[in-house]
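**Q** Here is my input, please return the structure:
(chains A and B)
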Protein chains: 2
Amino acid sequence: MTKPVKILLCGLGNVGRAFLELLAQRSSSIEVRYGLKLQLSAAVDIGGAAIKDDEGLDTARVLAHLVAGKRVEDFPDFGQPNITGQQAIDMTGAHVLVETTPTNLVDGEPGRTHIVTALQQAMEVVSANKGPIVLFYRELHELARQQGVGIHISAATAAALPTLDVGRVCLAGTELLEAEGILNGSTNFILTRMQNDGWDYNEALKEAQKLGIAETNPSLDVEGRDTANKLVLIANRLFDASLGPQDVQAQGITGVTSEDISAAAADGKVIKLIGTVKRTDAGLQLNVAPKRLDKDHPLAAVAGSEKAISYLTDTMDRITVSGGRSSPVGAAAALLKDLINAGIEH
Amino acid sequence: MTKPVKILLCGLGNVGRAFLELLAQRSSSIEVRYGLKLQLSAAVDIGGAAIKDDEGLDTARVLAHLVAGKRVEDFPDFGQPNITGQQAIDMTGAHVLVETTPTNLVDGEPGRTHIVTALQQAMEVVSANKGPIVLFYRELHELARQQGVGIHISAATAAALPTLDVGRVCLAGTELLEAEGILNGSTNFILTRMQNDGWDYNEALKEAQKLGIAETNPSLDVEGRDTANKLVLIANRLFDASLGPQDVQAQGITGVTSEDISAAAADGKVIKLIGTVKRTDAGLQLNVAPKRLDKDHPLAAVAGSEKAISYLTDTMDRITVSGGRSSPVGAAAALLKDLINAGIEH
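**A** Next up, the predicted model:
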């Protein structure tokens, strides 16, 4: 017995395209394995959409069209110019919104409007876009609850590194006492280079930029705010909080010097940018800062652009997860994972 | 809206009692958090049972009774001598069997009969007992499928270390290429002592036995068969196999000498007992053997009695999970986790 899952994809950048590629490659194996018939009702980008709500678009053809440098609104037969994400949602009967428009940390748009519109239609939401979720967690979560649907944000939290579903599924029934994470790949890459190769901060940053691991404007990463944003999502989802970025004390790595790293190494320690969520008597505390870890700390060996999270629980003790590809494919795989799990559960 | 979940617990040894304690402590918080009203219909041990199917037993009182050294069949008002697990299952209307009788790797009894009887009544099964699952995976799985229920075996696989639900949920939609694990805590403890303290195998084994980390008869662990059994469960559940213990090439650590460890260290490597499931052109290969790992291998830093598993996937790259308490409480927490997840999904 197969269950049809009609998808509306907003955003056709690197992650959106990687997601399209996974859909094209895997729809039939997913049907066999999970009993879900994934179907693309619409693909939307800034200039318009391709829509075929009844039978679904040919994902491989849409992808080839985009890869050839053409715009989605010019897709033969089904392209429609000047359709917005919101309009596309209203025009189709899709079950799931997959939201991959660029993260906007000022007002969350256009992702926020897409997500609100989808929730109002009782669609499940799967998002790689962290802007609206970080800024408007409480209102979106409340709307989803009222509509009896879910917002699935693995791809927004640490992409291929499983953070939220480890907490939710693998640690169900435990009391989470603390989460500590290396949640940003580019800062971990920079610190690892400083540590292993004796580089200074600026050399390591330039190398990260050259390799495409850090952005041209790296401030979101190196000032610790990307880590803080992911921490907010983890705290809200797993520690029953309703916090925003302003609730995190964040310090980045811009002040970490080669001397700090050498001094730590001389003490047998390693410096990592750690995001921490901790239950205290004064309530939940969220904090991002470079920390000196003992060599046998479970996060100490996480090197290069790799990420990791370590949960401390009451009954299962400590569980640490590390790895996961940092790339558009990794993020797309996280979207697909959430889509499958949402499809199975609902 | 709360959903009643009536539980029948077979086996009141250390794990069964730790599970009772969790039930006693957490039933109300689980009701709030997960909407599941956990209720103990019956607790069964070798001499009989306590049964109160309508409203459920007072778990704290049952536990106190057992801790005081009394037998469950003598539990005031509800104790019934000479009731077997099978009879108790037939007498109650429980939704879930929690099976914690001792692992029997010869014929799987009495767990096998309990599980078959429960499945025939379309009960969900949550098992810490690996005997019947390892020996009769295919037939039990097929019966469960026919009855539309599940067999949940986190506690049998590596207890508090999440292995199966990481593969099933966190890696949904990926292609699993390989799993490598340190799945047995006592052998890892022995190798770590040999490595860090220069002990020989026999000294380290004696220390492990003194600390209760290794059994008096350690052969199941040190010969690699416990690892092999867990590997079979992982292969069957996550790699769509139907294998048994006879399908694993298993070599243990009894032949590992201090000299081997020193020679490995001189090459910058560390010896670990690794269980591997690998897709090859010749089909799935399962193998247990001591291996020399590079210092930066994700399993190299897993020390002492800690366990870990590392999955290699196509789209998410490598994901490694480590940690988890090795104790009756850890196993009971894994049972509770499976129970909650089964309750939510069904």
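**Q** Quick check: residues of the stretch 101-250 of chain A near chain B?
**A** Within reach of chain B by Cβ under 8 Å from any Cβ of the partner chain, the stretch 101-250 of chain A has these residues: A:160-162, A:165-166, A:169-174. Where C-beta positions appear, they are placed from N, C-alpha and C, glycine not excepted.
**Q** And for stretch A:62-74, what's in contact with it?
**A** By Cβ atoms under 8 Å, 6 or more residues apart in numbering or on different chains, the residues outside stretch A:62-74 that reach it are A:12, A:17, A:20-21, A:24, A:40, A:43-45, A:47-50, A:75-76, A:79-83.
**Q** oh, I was asking about stretch A:43-61
**A** The set of residues external to stretch A:43-61 that reach it, using Cβ under 8 Å, 6+ apart, is A:6, A:8-12, A:16, A:20, A:23-24, A:27, A:39-42, A:62, A:71-73, A:75, A:78-85, A:87-88, A:91-94.
**Q** so of those residues, which ones are in helices?
**A** Using DSSP state H, the subset of the contacts of stretch A:43-61 located in helices is A:16, A:20, A:23-24, A:27, A:62, A:85, A:87-88, A:91.
**Q** will you turn the residues you listed into TSV that also has neighbour count?
**A** Formatted as TSV, the ones in helices among the contacts of stretch A:43-61 follow (neighbours: other Cβ atoms under 10 Å in any protein chain shown):
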residue	neighbour count
A:Gly16	27
A:Leu20	25
A:Leu23	27
A:Ala24	16
A:Ser27	18
A:Val62	24
A:Gly85	26
A:Gln87	17
A:Ala88	26
A:Met91	16
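**Q** Adding pLDDT as columns, could you present the residues you listed in TSV?
**A** Listed next are these as TSV, based on pLDDT from 0 to 100:
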residue	pLDDT
A:Gly16	98
A:Leu20	98
A:Leu23	98
A:Ala24	97
A:Ser27	96
A:Val62	98
A:Gly85	98
A:Gln87	98
A:Ala88	98
A:Met91	96
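**Q** Who are the packing partners of the helix or strand A:Ser186 falls within?
**A** Element membership for A:Ser186 (DSSP states H and E) is helix A:185-197. Where contact means 3 or more Cβ pairs under 8 Å, 6 or more residues apart in numbering or on different chains; DSSP states H and E, helix A:185-197 is packed against helix A:201-210, helix A:219-222, helix A:258-266, strand A:269-280.
**Q** can you redo these as CSV with mean neighbour count and mean pLDDT?
**A** Shown next, in CSV, are the helices and strands packed on helix A:185-197 (neighbours: other Cβ atoms under 10 Å in any protein chain shown; pLDDT from 0 to 100):
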stretch, mean neighbour count, mean pLDDT
helix A:201-210, 17, 96
helix A:219-222, 20, 96
helix A:258-266, 14, 96
strand A:269-280, 20, 97
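**Q** what sits against the nearest residue to A:Gln121 once chain neighbours are set aside?
**A** Spatially, and ignoring its direct neighbours in sequence, A:Gln121 is nearest to A:Ile89 (6.5 Å; Cβ to Cβ, 6 or more residues apart in numbering or on different chains). Residues in contact with A:Ile89 (Cβ under 8 Å, 6+ apart) are A:8, A:97, A:114, A:117-118, A:121, A:123.
**Q** Check the separation of the first and last residues in stretch A:178-189.
**A** 24 Å (Cα to Cα, to the nearest Å).
**Q** Show me which of the ones in helices among the contacts of stretch A:43-61 is closest to A:Glu207.
**A** A:Gly16 (28.5 Å; Cβ to Cβ).
**Q** domains of chain A?
**A** If you go by automatic domain parsing, the domain ranges for chain A are A:3-160+A:328-345, A:163-323.
**Q** rewinding a little: mind checking how far the residue nearest to A:Gln121 is from chain B?
**A** If you measure A:Ile89 against chain B using Cβ to the nearest Cβ, to the nearest Å, the figure is 24 Å.
**Q** How about A:Ala241?
**A** 14 Å.
**Q** quick one, phi psi at A:Gly212?
**A** phi 80, psi 10 (degrees, to the nearest 10).
**Q** What's the local residue count around it?
**A** 9 (other Cβ atoms under 10 Å in any protein chain shown).
**Q** Tell me the confidence at it?
**A** Note for A:Gly212: predicted pLDDT of 89.
**Q** And A:Thr100, by the same measure?
**A** 98.
**Q** ok, now how distant is the residue nearest to A:Gln121 from B:Ala265?
**A** Note on A:Ile89: its distance to B:Ala265, by Cβ to Cβ, to the nearest Å, is 60 Å.
**Q** and A:Pro132, backbone torsions?
**A** phi -60, psi -30.
**Q** same check, this time on A:Ser322
**A** With angles defined as degrees, to the nearest 10, A:Ser322 sits at phi -140, psi 160.
**Q** count of neighbours near it?
**A** 25.
**Q** Check A:Met316 too.
**A** Neighbours of A:Met316 under the rule other Cβ under 10 Å: 30.
**Q** and the gap between the nearest residue to it once chain neighbours are set aside and A:Ile271?
**A** Nearest residue to A:Met316 in three dimensions, chain neighbours excluded: B:Ala160, at 3.9 Å (Cβ to Cβ, 6+ apart). The gap separating B:Ala160 from A:Ile271 is 30 Å, by Cβ to Cβ.
**Q** which residues of the stretch 51-200 of chain A fall in strands?
**A** For the stretch 51-200 of chain A, the strands defined by DSSP state E, counting those that start in this stretch cover A:79-81, A:96-99, A:124-127, A:151-152, A:176-182.
**Q** can you put those strands in JSON lines and add mean neighbour count?
**A** Written out in JSON lines, the entries for these read as follows (neighbours: other Cβ under 10 Å):
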{"stretch": "strand A:79-81", "mean neighbour count": "16"}
{"stretch": "strand A:96-99", "mean neighbour count": "29"}
{"stretch": "strand A:124-127", "mean neighbour count": "28"}
{"stretch": "strand A:151-152", "mean neighbour count": "24"}
{"stretch": "strand A:176-182", "mean neighbour count": "22"}
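**Q** distance of the nearest residue to A:Cys170 once chain neighbours are set aside from A:Ala118?
**A** Leaving aside its sequence neighbours, A:Cys170 sits nearest to B:Pro162 (Cβ to Cβ, 6+ apart; 3.6 Å). To A:Ala118, B:Pro162 is 31 Å away according to Cβ to Cβ.
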